[in-house]
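S.K.: next input, structure requested:
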Amino acid sequence: MGAEQENSKRWPPWLKPLLREKFFKQCKLHADSHKSECNMYCLDCTNGPLCSICLSFHKDHHAIQIRRSSYHDVIRVSEIQKFLDITGVQTYVINSAKVLFLNERPQPRPGKGFVNTCEVCYRSLVDSFRFCSLGCKISGILKTFGKKRKDCTNSLSDSDDSHSNITSIERLKKNDDMIHDSFTASTPSLSAVNRRIAKRRKGIPHRAPFGGLTIEYRQNGNV
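M.R.: Numbering: from 1, shown residues only. Sure thing, here's the model as predicted:
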């Protein structure tokens, strides 16, 4: 499997191109319009930032709006969570709307009163979050599962037993699936639900044989 095919499993194909784009530039096609600022992005086409006029040619597509906070790109949680699992990413309330940052922001020194930091760039965070941005979540997942994948690969190469080889391959596939699930919301399949129900069912009860039952009598005749 090539690197591009592996990356397609880890996150939606539009996520990395989105994080690389530079928004809020003037649209080259509609420079004469007062709505020529490129702050929209089409998740279906992934062909760069769009202005409001460009967006009219993507009516049936999924598009999101990028906003600005302290010269950094943010997106509203209500928009991005429709397409992406943002679990673990720090959110902020700006102009009465909950948002998250697309990429990491440099921080010269840790914030006072914070004990939790981003696992990638070490920016101060609230305890319930692991990453300061979507970009850091990508880097963090690659770092974590890349190490696990390397360990599994080493285990596979060091083992000559065929059963151990099969087990190691299954672990590699499981790690790739976990990376993919980190960015995509999943719904339990019907077969998985049925298996859980089957596990909860009790087996057929068995009566204890009477041959093993013994009763001791005392010498005075009382039990």
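
S.K.: from Phe101, how far off is the nearest residue to Ile94 once chain neighbours are set aside?
M.R.: The spatially closest residue to Ile94, leaving aside those adjacent along the chain, is Ser69, at 5.1 Å (Cβ to Cβ, 6 or more residues apart in numbering). (C-beta placed from N, C-alpha, C; glycine too.) Ser69 sits at a distance of 8 Å from Phe101 (criterion: Cβ to Cβ, to the nearest Å).

S.K.: who has more neighbours out of the two?
M.R.: Neighbours were counted for Ser69 and for Phe101 using other Cβ atoms under 10 Å; Phe101 has more, 23 against 13.

S.K.: surely that one meets Tyr71?
M.R.: No. In this structure Phe101 lies outside contact range of Tyr71 using Cβ atoms under 8 Å: 11.3 Å.

S.K.: can you check the pLDDT for Lys112?
M.R.: The per-residue pLDDT reported for Lys112 equals 73.

S.K.: who are the contact partners of it?
M.R.: Residues in contact with Lys112, defined by Cβ atoms under 8 Å, 6 or more residues apart in numbering, are absent; none qualify.

S.K.: that one belongs to a helix, doesn't it?
M.R.: No. Lys112 is assigned coil when assessed by DSSP: H, G, I helix; E, B strand; the rest coil, not a helix.

S.K.: and it, how far from Ser124?
M.R.: Relative to Ser124, Lys112 is positioned 9 Å away (criterion: Cβ to Cβ).

S.K.: doesn't Ile17 lie inside a strand?
M.R.: I think there's a mix-up here, since residue 17 is Pro and not Ile. No. Judged by three-state DSSP, Pro17 forms no part of a strand; its state is helix.

S.K.: residue contacts, it?
M.R.: With the criterion set at Cβ under 8 Å, 6+ apart, Pro17 makes contact with Thr46.

S.K.: grab the nearest non-local neighbour of Asp44.
M.R.: His61 (4.2 Å).

S.K.: now do the same contact list for Cys27.
M.R.: When contacts are counted by Cβ under 8 Å, 6+ apart, Cys27 touches Ser33, Ser36, Glu37, Cys38, Leu50, Cys51, Ile53, Cys54.

S.K.: count of neighbours near the closest residue to it other than its chain neighbours?
M.R.: Spatial nearest neighbour of Cys27, chain neighbours left out: Cys51 (3.9 Å); criterion: Cβ to Cβ, 6+ apart. Residues near Cys51, counting by other Cβ under 10 Å, number 21.

S.K.: for Cys51, give me its contacts.
M.R.: Counting by Cβ under 8 Å, 6+ apart, Cys51 has contacts Cys27, Leu29, His30, Ser33, Lys35, Ser36, Glu37, Cys38, Asn39, Met40.

S.K.: brilliant, that's me finished.
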